[in-house]
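Colleague: Below is the structure, and that's it, no one-letter string:
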């Protein structure tokens, strides 16, 4: 079981996750969406493709671009399509 927490709440939790380049990627159905909003920030990974970002908000505290995902990944990264990974200080255990 992998779990991502921030400010005392569980942002994501799953037994069905992927690890890529040391990052835990949580499947879309394991995300507690009530804590997230879309960000207009994007980056590009040379082998995974265009990354989209989400901002987290818990108890009035905002963590801009706290998580990223690949909505349309390259063929090499299809297994993490729409899976979410997190930046510190989100604590990922598992």
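Modeller: On my side now, so go ahead. It should be emphasised that the depicted structure is a prediction, and the values quoted were computed from it without experimental measurement.
Colleague: Contacts only, for residue 35.
Modeller: 9, 11, 56-58 (C-beta atoms under 8 Å, 6 or more residues apart in numbering). The C-beta positions use only the backbone N, C-alpha and C, and glycine is treated the same way.
Colleague: In the sheet, which residues pair with residue 4? Tell me.
Modeller: Bridge pairing for residue 4 (DSSP bridges) gives the partners residue 12, residue 92.
Colleague: where's it relative to residue 48, distance?
Modeller: Noted for residue 4: a distance of 19 Å to residue 48, by C-beta to C-beta, to the nearest Å.
Colleague: Ramachandran coordinates for the residue in the chain sticking out farthest from the centre?
Modeller: Most distant from the centre of the chain: residue 60, at 19.9 Å, with distances by C-alpha atoms, centre = their mean. Main-chain dihedrals, residue 60, degrees, to the nearest 10: phi 80, psi 0.
Colleague: wait, which of the contacts of residue 35 is closest to residue 75?
Modeller: residue 11 (28.5 Å; C-beta to C-beta).
Colleague: Okay, strands next: where are they in the chain?
Modeller: With DSSP state E applied, the chain shows strands at 2-6, 9-14, 18-20, 23-25, 36-45, 49-58, 61-69, 85-86, 91-93, listed in chain order.
Colleague: which one of the contacts of residue 35 has the most neighbours?
Modeller: residue 11 (28 neighbours; other C-beta atoms under 10 Å).
Colleague: Which residue is the nearest non-sequential neighbour of it?
Modeller: residue 4 (4.6 Å; C-beta to C-beta, 6 or more residues apart in numbering).
Colleague: pretty sure the one you found is touching residue 13, no?
Modeller: Yes: at 7.3 Å, residue 4 and residue 13 qualify as touching, with contact defined as C-beta atoms under 8 Å.
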